[in-house]
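Novice: Take this sequence and fold it.
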Amino acid sequence: MNDDCLALFQELKLKKKYKYIIFGLNEGKTEIIPLKNSTSVDYEEFLVDLPEKECRWAVYDFEFEKEDAGKRNKIIFYQWCVSLRVVLMSVTLTFYFRWQPLRTDLFLVCNSLALVII
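Specialist: I've put the predicted structure just below:
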């Protein structure tokens, strides 16, 4: 994984500089690199940034209101897969992400937008 991935994640988590970061593989498919980061709070814009025919990984700083507790944030890790064929490679890389210092809740997101906790 490229060092920029962790640096950007720390800026999202600690400094609240970004709302989301999208990661992918480099041209040679040898390293995970950051592809996009955004400050936009529009969730639909985040979904538009996920490609229809390629796998991506993303972290999203989800903000919500909890009754009698005020605003809360939860960082969600997304795995965006487009076909079963690429899911196997993605799952392997996701486990790599999981053991890196990103340490977020892990969700699998297929392009049907179903969230499944792994």
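
Novice: give the contact list for Phe46.
Specialist: Applying Cβ atoms under 8 Å, 6 or more residues apart in numbering, one finds that Phe46 lies in contact with Lys19, Tyr20, Ser38, Ser40, Ala58, Tyr60. For glycine as for every other residue, the C-beta is placed from the backbone atoms N, C-alpha and C.

Novice: Just give the number of residues close to the second one.
Specialist: Other residues within reach of Tyr20 by the criterion other Cβ atoms under 10 Å amount to 23.

Novice: Tell me the spacing between the closest residue to it other than its chain neighbours and Asp49.
Specialist: For Tyr20, ignoring the flanking residues on the chain, the nearest one in space by Cβ to Cβ, 6 or more residues apart in numbering is Tyr60 at 4.4 Å. Here Tyr60 is placed at a distance of 11 Å from Asp49 (Cβ to Cβ, to the nearest Å).

Novice: Quick check: neighbours shared by these two?
Specialist: By Cβ under 8 Å, 6+ apart, the residues touching both Tyr60 and Asp49 are Tyr20.

Novice: Could you check which of the two has the larger neighbour count?
Specialist: Neighbour totals were compared for Tyr60 and Asp49, and Tyr60 leads with 22 against 16 (other Cβ under 10 Å).

Novice: these two touch, right, that one and Lys74?
Specialist: No: applying Cβ atoms under 8 Å, one finds Tyr60 not in contact with Lys74, separated by 9.0 Å.

Novice: What's opposite Val59 in the beta bridge?
Specialist: Beta-bridge partners for Val59, by DSSP bridges, are Ile21, Phe77.

Novice: I meant to write Lys66 there.
Specialist: Gly70.

Novice: How about Ile33?
Specialist: Going by DSSP bridges, Ile33 forms beta bridges with Gly24.

Novice: State whether Asn37 is indeed within a strand.
Specialist: Yes: counting by DSSP: H, G, I helix; E, B strand; the rest coil, Asn37 is part of a strand.

Novice: ok, it to Phe46 distance?
Specialist: 11 Å.

Novice: which residues are common contacts for the two?
Specialist: Contact with both Asn37 and Phe46 is made by residues Tyr20, according to Cβ under 8 Å, 6+ apart.

Novice: Let me know how buried Glu45 is, in neighbour terms.
Specialist: 12.
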